[in-house]
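Asker: After the sequence you'll find the predicted model.
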Amino acid sequence: MADLALDPQMELNPPLVLGGITYADVNQQISAITEKAPPKQWYYAIAISSLMTVMLFGCLTYLVVTGIGVWGVNNPVGWGWAITNFVWWIGIGHAGTLISAILFLFRQKWRTSINRAAEAMTLFAVACAGLFPLFHTGRPWRAIYWLFPIPNPYLHIWQNFRSPLMWDVFAVSTYGTVSLLFWYTGLIPDLATLRDRAVNATRKMVFGILSLGWRGSASQWRHYELAYLILAGLATPLVLSVHSIVSFDFAVALLPGWHSTIFPPYFVAGAIFSGFAMVVTLLTLARWLYNLENLITVRHLDNMCKVILATGSIVAFSYATEIFIAWYSGNPYEQFATMNRFFGPYYWASWPMLLCNVVVPQLFWFKKCRTTPWIMFLLSILVNVGMWFERFVIIVASLHRDFLPASWGYFRPTWVDICTFAGTLGLFLTLFLLFLRFLPMIAISEIKGVLHEQNQQEKGAHE
Amino acid sequence: MSTSFLDKLSLPAFLKPGAEAKHYGVVGDFDSPEDLLRAIRTLRTAGFTKLEAYSPFPIHGIDEALGEPRSRLGWTVLIAAMAGLASAVALQWWTGAVDYKLVIAGKPLFALEPSVPIMFELTVLFGAFGAVLGMFHLNRMPTYYHAFFNYSKSEGATNDRFLLAVEADDPKFRGEEVKTLLESLGSRHTELVEA
């Protein structure tokens, strides 16, 4: 170990796979998690999360049979918690695609241990996000004709494609679909690994079908690698576009507090900020639960905390810019909206937002915070609390007081709002726990590739 | 043995009475990617052309060693992506400016600027489907049966073994000779595999 510390190369680039393990060890360690009974904490967690999921479906049923009035939404705040939660969940998804696509293009090898779980998180977050606008329409079974250009059998009518809300439908559904394709493509070689390890007929059949007859031949890898690279290339601009387009929902409107050109980059930075926080929350837990310290190393966690620090600083800078521009514009409505945010009726949401999004990520300047799992776990939760408040402040604090005092109001969530949101947390957690249980949470074939390179480098260093 | 006219048709082997027992080839397994690459280079120098390697992760430089060209997948993706772009323009133009003309806020019925987000999204969507489905097509996936799986240690290819197949349709293929050759190159378990 002393030699390692003295070697400057090693200190700058500590190994990504620890413990001198072989390809077969990697195979065994990751596959075995899906093959044996999960630890008892897993059962406690899924018991709670599936109860919350039941609560979610209960709330949604109640909403459908009663009407969206059961949520606190009304004039002037028609979007309330529904769209707050939608934007928050979509933002969380962004880290998965950033890790899987953008870090892949930049050849950041450390992404390998975390990309699979992060992509799964993306899919589940997008699923939770999608529920809110879908049920916000009140009649989801009819909404298909309002949201997608499907010939309408009842009315001769088409969508208004000049509206950012339609762009949003296309952006989010494309994002969900492409993320699923990317995730599944990445899974194929690992599904074949599980198929080849399977001892009982059911597992052999299920993974046999899912792995589509993958053999790992050089001719297959040739097309596969190019397909993966192209998907990464397509997903990179896509992930930047999705939250930009979500921000158009606001920026294109004339409402003070929304009508702002800074929104697209500001939303994308916030999305990556909150998404990385969620990845840290989930992976510090999974790493501890399944003893994966040798694969998800302190270096991985350290790097993720640095991304949170960087994007958190961009978010802080965006807040400062918004406040400055509100003053500098000389627009009284804009100035009022900004003052109202921090000193109006919703001050209680704005100050925690500033605390969690501006102050908390700055703690990651300290190495101790970037290398101690329980500290970063707590900080990452605070970041996501802060990001939820940010979405709430942008939507509710802007909508509740627009130009005319005659149309002002105050939004309060109902118990259905609260239970629906808590229910999506349960759904998200349930899906993630099932993923941990049944699919390889770390990309086995990619880790083997990294291990091979690492062995080559070590061999080179000794010669 | 007299050849029946059936042999001239492209039928599965079991329908051809005159056909001999077919072999997929000889498969050997190696400890490391370096051993595999060395074996491939030796066999290629010796004049073998129908080689296939199987490995748990993609090996850098293996396509050059096997003499495989670059994947043509990029063209599929380009065509799919352009189809997505065209369909986005057609969709927004036809629904907004032809089939259902509705003036909203005095804006033109169709213009390029507000159409850009959906043009972008459908380009990416179709492109991604092109990449995945194109890859499936080029790799003939799903194919649930392949003669390679008759090799008794085929599961090594998704674990920690690096396999090399010399296929039977190689003009230089002689079962036993190839087997000895692979063993001399470091193969741990060499087998003549049936088709």
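Answerer: Cool, got the structure. Residues are numbered from 1 along each chain as shown, chains lettered A, B, ... in the order given.

Asker: okay but A:F392 is in contact with A:T84, surely?
Answerer: Yes. Between A:F392 and A:T84 a contact is recorded at 4.8 Å, counting by CB atoms under 8 Å. All C-beta spots, glycine's among them, are computed from the backbone N, C-alpha and C.

Asker: Contacts only, for the residue nearest to the spatial centre of chain A.
Answerer: Nearest to the mean C-alpha position of chain A, by CA atoms, centre = their mean, lies A:G93 at 2.2 Å. Contacts here follow CB atoms under 8 Å, 6 or more residues apart in numbering or on different chains; on that basis A:G93 touches A:M121, A:T122, A:L123, A:A125, A:V126, A:A129, A:Y175, A:S179, A:A271, A:G275.

Asker: List the buried residues of the longest helix along chain B.
Answerer: Scanning chain B for the longest helix, with DSSP state H as the assignment, gives helix B:112-138. By neighbour count on 16 or more other CB atoms under 10 Å in any protein chain shown, the buried set for helix B:112-138 is B:114-115, B:117-136, B:138.

Asker: ok, now stretch A:228-240?
Answerer: The neighbour-count criterion (16+ other CB under 10 Å) identifies A:Y228, A:L229, A:I230, A:L231, A:A232, A:G233, A:L234, A:A235, A:T236, A:L238, A:V239, A:L240 as the buried residues of stretch A:228-240.

Asker: Packing partners of the helix or strand hosting A:F317?
Answerer: According to DSSP states H and E, A:F317 maps onto helix A:298-329. Secondary-structure packing of helix A:298-329 (3 or more CB pairs under 8 Å, 6 or more residues apart in numbering or on different chains; DSSP states H and E): helix A:263-289, helix A:332-343, helix A:367-371, helix A:373-392.

Asker: A:V206 and A:F124, how far apart?
Answerer: The gap separating A:V206 from A:F124 is 21 Å, by CB to CB, to the nearest Å.

Asker: Look at those two and report which has more neighbours.
Answerer: Set A:V206 next to A:F124 and count neighbours by other CB atoms under 10 Å in any protein chain shown: A:F124 wins out with 23 against 15.

Asker: Against A:L194, how distant is the residue lying farthest from the centre of chain B?
Answerer: Going by CA atoms, centre = their mean, the residue of chain B most distant from its centre is B:G106, 52.7 Å out. From B:G106 across to A:L194, the span is 59 Å (CB to CB).

Asker: follow-up on the earlier one: report the mean confidence score over the helix holding A:F317.
Answerer: The average pLDDT within helix A:298-329 is 94.

Asker: Equivalent analysis for stretch A:267-280, please.
Answerer: Mean pLDDT, computed over stretch A:267-280, is 94.

Asker: With stretch A:103-115 instead?
Answerer: Taken as a whole, stretch A:103-115 has an average pLDDT of 87.

Asker: Now do it: distance to the chain's middle.
Answerer: Counting by CA atoms, centre = their mean, to the nearest Å, stretch A:103-115 is centred 16 Å from the centre of its parent chain.

Asker: Only the C-alpha atoms, please, for stretch A:24-36, written as CSV.
Answerer: The C-alpha trace of stretch A:24-36 is given here as CSV (Å, rounded to 0.1, in the frame of the first residue of the first chain):
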residue,chain,number,x,y,z
ALA,A,24,-14.6,-14.8,-12.6
ASP,A,25,-14.7,-13.0,-9.2
VAL,A,26,-16.5,-10.0,-10.8
ASN,A,27,-18.9,-12.4,-12.5
GLN,A,28,-19.6,-14.2,-9.2
GLN,A,29,-19.9,-11.1,-7.0
ILE,A,30,-22.4,-9.3,-9.1
SER,A,31,-24.4,-12.2,-10.5
ALA,A,32,-24.7,-13.9,-7.1
ILE,A,33,-26.7,-10.9,-5.7
THR,A,34,-29.5,-11.7,-8.1
GLU,A,35,-29.3,-15.5,-7.5
LYS,A,36,-29.6,-15.7,-3.7
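
Asker: Check the offset of it from the chain's centre.
Answerer: How far stretch A:24-36 lies from its chain's middle: 26 Å, per CA atoms, centre = their mean.

Asker: Could you check it against chain B for contacts?
Answerer: Yes. Against chain B, stretch A:24-36 shows contacts by CB under 8 Å from any CB of the partner chain at A:A24, A:N27.

Asker: So, low pLDDT: which residues of the chain?
Answerer: The chain I'm using is chain A. Along chain A, the parts satisfying pLDDT under 70 run over A:1-13, A:462-463.

Asker: wait, chain B
Answerer: In chain B (pLDDT under 70), the answer is B:1-21.

Asker: Select, out of the helices and strands packed on helix A:298-329, the one closest to B:F30.
Answerer: Nearest to B:F30, of all those, is helix A:263-289, at 33.6 Å by CB to CB.

Asker: tilt between the closest one and helix A:373-392?
Answerer: 150 degrees (axes from the mean of the first three to the mean of the last three CA atoms, to 10 degrees).

Asker: Quick check: the gap between the spatially most central residue of chain B and A:R391.
Answerer: Centroid check for chain B by CA atoms, centre = their mean gives B:N139 as the closest residue, at 2.6 Å. B:N139 sits at a distance of 42 Å from A:R391 (criterion: CB to CB).

Asker: give me the number of residues near A:W146?
Answerer: By other CB under 10 Å, neighbour count at A:W146 equals 15.

Asker: If you could redo that for B:T42, that was the one I meant.
Answerer: Per other CB under 10 Å, the neighbour tally for B:T42 reads 14.

Asker: cool, the one 10 residues further on as well?
Answerer: Applying other CB under 10 Å, we find 21 residues neighbouring B:E52.

Asker: Test my guess that it contacts A:A218.
Answerer: Yes. Look at B:E52 against A:A218 with CB under 8 Å: they come within range, at 6.4 Å.

Asker: Next, show the common contact partners of those two.
Answerer: B:L66.

Asker: show me what contacts the closest residue in space to A:V73 that isn't next to it in sequence?
Answerer: Ranked by CB to CB, 6 or more residues apart in numbering or on different chains and with sequence neighbours excluded, the top spatial neighbour of A:V73 is A:G80, at 4.1 Å. Counting by CB under 8 Å, 6+ apart, A:G80 touches A:W71, A:G72, A:V73, A:I395, A:V396, A:F411, A:P413, A:D417.

Asker: now A:T281
Answerer: By CB under 8 Å, 6+ apart, the contact list for A:T281 reads A:F377, A:S380, A:I381, A:N384.

Asker: what does A:M376 give?
Answerer: Going by CB under 8 Å, 6+ apart, the list of residues near A:M376 reads A:V280, A:T284, A:L301, A:M304, A:C305, A:F364, A:C369, A:R370.

Asker: right, quick check: the longest strand anywhere in chain B against chain A, any contact?
Answerer: Longest strand in chain B by number of residues (criterion: DSSP state E): strand B:23-30. No. No part of strand B:23-30 sits near chain A under the criterion CB under 8 Å from any CB; the closest distance found is 11.2 Å.

Asker: buried set for the following helix or strand past that strand?
Answerer: Next helix or strand after strand B:23-30 toward the C-terminus (DSSP H and E): helix B:33-45. Neighbour-count burial for helix B:33-45, counted by 16+ other CB under 10 Å, picks out B:P33, B:D35, B:L36, B:L37, B:A39, B:I40, B:L43.

Asker: where's the fifth one relative to chain A, distance?
Answerer: Remark: distance between B:A39 and chain A (CB to the nearest CB, to the nearest Å) = 13 Å.

Asker: residue contacts, that residue?
Answerer: B:G28, B:F30, B:L164, B:L182, B:L185, B:G186, B:S187.

Asker: ok, 6 Å please
Answerer: The neighbourhood of B:A39, defined by CB atoms under 6 Å, 6 or more residues apart in numbering or on different chains, consists of B:L164, B:L185.
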